[in-house]
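Asks: build the 3D model from these lines:
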Amino acid sequence: MPALKVSFTQALTAQQNVRQQMTQVAQQLEQLPPINDPQIPDLNGNILSVHNHANYYLSDIVVRMDSLYSEVIKFGDELDSTVANIRSELNGPDGQEYLTKAQGQIKQLLSDSTPLSASLNDFNEVVISFNNDITTDSRNLLADQQRAQQLLAADRARLEALNAQLNALKAELESKKRMEIIIGIFTFGIGAAIMELTGYVQSTEQAIAQAQQETGMLYQEIGQLGATSDALNALTKGTAILCGLTQSLQYGWQTVTADLSEVTQQQVTADFLIVSVNTVQANWREVMRTVEQLQ
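Replies: Sure thing, here's the model as predicted:
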């Protein structure tokens, strides 16, 4: 498994916004290979879940961001056009008579904003759900990592015991061989003991080789899980930022629509209308600054 490069531990920069960093991490997580370990039966399923959620971000959430951004831009264009028209008409000779018509235009603008409101609510729910999903993934992988650490500790203890056993067998074998030399003749008892000890030494060496192989595999698994957890933590941080951006976007949007609604619910003067649309445009600029992070 190639090393996962996690850049999200650093602060966001002007060159790479939250969407771009999350995309970078999700692309790496999408390439995760399976880890089949019979001692950790849920591990491969948890890896698959991470893979699927990374793919969901890249194939669904990113598309929703594009759609939402397009709707925001479309509404912004309509808002600018309506405000420009209102300013022009109010400065004309029939400005005072135009007030009722201007209120009608703003009502139409609010009516046209309904799909955008629905998209914002839907996107907020999707992001919250995604955040819950990858938080669960992180928790499951942490449990797998802890299980792998426990298995590694057990394997290392077994390996240590086998090495101690091997050293004892080799010492006993060396003692029997010296005894054979001292006696000067090959006796059946000593020869049989030497053969038996030699077999024990060989089987112990094979057990040590197997234990070393298993330990090496666990080290590799732990390394992969550690890198995956780091990347998931990065994605989780990004999703938290995305949740914050979405909530800020909703708040800004609610402020804009509330300001527009206020204009339609009472008789207004030209001055009040101008002040109101100026406020709306100022709040809309805040919405645009927020939504730019989704691009």
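
Asks: let me know the pLDDT of the residue nearest to residue 57 when sequence neighbours are not counted.
Replies: Setting aside the residues directly before and after it, residue 57 is nearest to residue 26 in space (Cβ to Cβ, 6 or more residues apart in numbering), at 4.6 Å. To be clear about C-beta, it is placed using only N, CA and C from the backbone, and glycine gets the same treatment. Listed pLDDT for residue 26 reads 90.

Asks: just checking, residue 26 touches residue 236?
Replies: No - contact status for residue 26 versus residue 236: not in contact, 11.7 Å apart, counting by Cβ atoms under 8 Å.

Asks: who's more crowded, the two?
Replies: Higher neighbour count among residue 26 and residue 236: residue 26, with 24 against 18, using other Cβ atoms under 10 Å.

Asks: other residues contacting the helix or strand encompassing residue 52?
Replies: Element membership of residue 52, judged by DSSP states H and E, is helix 43-56. The contact list for helix 43-56 (Cβ atoms under 8 Å, 6 or more residues apart in numbering) reads 26-27, 29-30, 32, 34-37, 130, 133-134, 136-137, 140-141, 144, 221, 228, 232, 235.

Asks: again with stretch 135-155
Replies: 37, 39-40, 42-43, 46-47, 49-50, 53, 211, 214-215, 218-219, 221-222, 225-226, 228-229, 232-233, 236.

Asks: give me the buried entries from these.
Replies: Neighbour-count burial (16 or more other Cβ atoms under 10 Å) applied to the contacts of stretch 135-155 gives 37, 40, 43, 46-47, 49-50, 53, 211, 214-215, 218, 221-222, 225, 228-229, 232-233, 236.

Asks: okay, now the unreliable bits of the stretch 151-295 of the chain?
Replies: Scanning the stretch 151-295 of the chain for pLDDT under 70 picks out the ranges 173, 176-194.

Asks: residue 274: how many residues sit nearby?
Replies: 16.

Asks: what about the residue nearest to it when sequence neighbours are not counted, how many residues close to it?
Replies: Excluding the flanking residues, the one nearest residue 274 by Cβ to Cβ, 6+ apart is residue 90, at 6.6 Å. When neighbours are counted by other Cβ under 10 Å, residue 90 registers 18.

Asks: what's near enough to touch residue 90?
Replies: 98, 99, 102, 270, 273, 274.

Asks: elements contacting whichever strand or helix holds the fifth one?
Replies: Residue 273 belongs to helix 270-291 when assigned by DSSP H and E. For helix 270-291, the helices and strands in contact under the criterion 3 or more Cβ pairs under 8 Å, 6 or more residues apart in numbering; DSSP states H and E are helix 62-90, helix 98-112, helix 188-264.

Asks: any chance of TSV for those helices, columns distance to residue 148?
Replies: Formatted as TSV, the helices and strands packed on helix 270-291 follow (distance: least, Cβ to Cβ, whole Å):
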stretch	distance to residue 148
helix 62-90	32
helix 98-112	55
helix 188-264	5
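
Asks: to residue 162, which of these lies closest?
Replies: helix 188-264 (4.8 Å; Cβ to Cβ).

Asks: now the closest one against helix 43-56, angle please.
Replies: Compare the direction of helix 188-264 with that of helix 43-56 by axes from the mean of the first three to the mean of the last three Cα atoms, to 10 degrees and you get 30 degrees.

Asks: who does helix 188-264 touch, helix- and strand-wise?
Replies: Secondary-structure packing of helix 188-264 (3+ Cβ pairs under 8 Å, 6+ apart): helix 18-30, helix 43-56, helix 98-112, helix 114-183, helix 270-291.

Asks: now with 6 Å?
Replies: Applying 3 or more Cβ pairs under 6 Å, 6 or more residues apart in numbering; DSSP states H and E, one finds that helix 188-264 contacts helix 18-30, helix 98-112, helix 114-183, helix 270-291.
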